[in-house]
Every structure is written in structure tokens, then in C-alpha cells.
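Student: Fold the following and give me the result.
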Amino acid sequence: MIGLMPFLAPLYAIIIAIVAYFGIKVFVGRRKKQIQKAIGEGMCAVCGARIIQNKCPNCDTPKTG
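Tutor: The predicted structure follows:
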């Protein structure tokens, strides 16, 4: 905001700073929600697969053979 003051009226500089602040907060909130949705319940520490119903689809399958 201080960098904009020589070029704009202080009111416009304050408005731009406030819009930028809330714009970044909204962007970060949406991105966080998108990542949480993509990860689901978590990631498997062994193979990196997404955890579904508290089980890893790769590591927790019964071994036949």
C-alpha cells in the first residue's frame, strides 16, 4: 500500500490494498478446500495412495497366493 501512495490518492491505495488482501484470502481458502477434497481422508505413508474408508486400496487388500 505504501508503494502506491505516490501515484494514487491515499483512499484509492487503501481500497486496492484491502481488495488484494481479501482476494488472496478467498483464493487461499478455495485452494485449501480443493486440496482437502482431492486428498480425502489422507495419504498412505507406504505407497502414497489416497485413503478411502480408512484403508489404503493398495496396501490393505488381502494378499492371495
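
Student: And stretch 11-25, what's buried?
Tutor: A13 (16 or more other CB atoms under 10 Å). C-betas here are computed from N, CA, C, even on glycine.

Student: can you check stretch 44-58 too?
Tutor: Those would be I51, C56, for stretch 44-58 by 16+ other CB under 10 Å.

Student: And the contacts of it?
Tutor: Contact with stretch 44-58 is made by I39, G40, E41, G42, M43, C59, as judged by CB atoms under 8 Å, 6 or more residues apart in numbering.

Student: Export those residues to CSV and append columns for secondary structure, pLDDT and distance to R30.
Tutor: Shown next, in CSV, are the contacts of stretch 44-58 (DSSP: H, G, I helix; E, B strand; the rest coil; pLDDT from 0 to 100; distance: CB to CB, whole Å):
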residue, secondary structure, pLDDT, distance to R30
I39, helix, 76, 15
G40, coil, 73, 18
E41, coil, 77, 21
G42, coil, 81, 21
M43, strand, 82, 21
C59, coil, 85, 32
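
Student: Return the closest of the residues you listed with respect to I15.
Tutor: I39 (36.5 Å; CB to CB).

Student: Tell me who's in contact with the residue nearest the centre of the chain.
Tutor: Nearest to the geometric centre of the chain sits K32, at 2.3 Å (CA atoms, centre = their mean). K32 makes no contacts at all, as judged by CB under 8 Å, 6+ apart.

Student: which among the contacts of stretch 44-58 gets closest to I14?
Tutor: I39 (37.7 Å).
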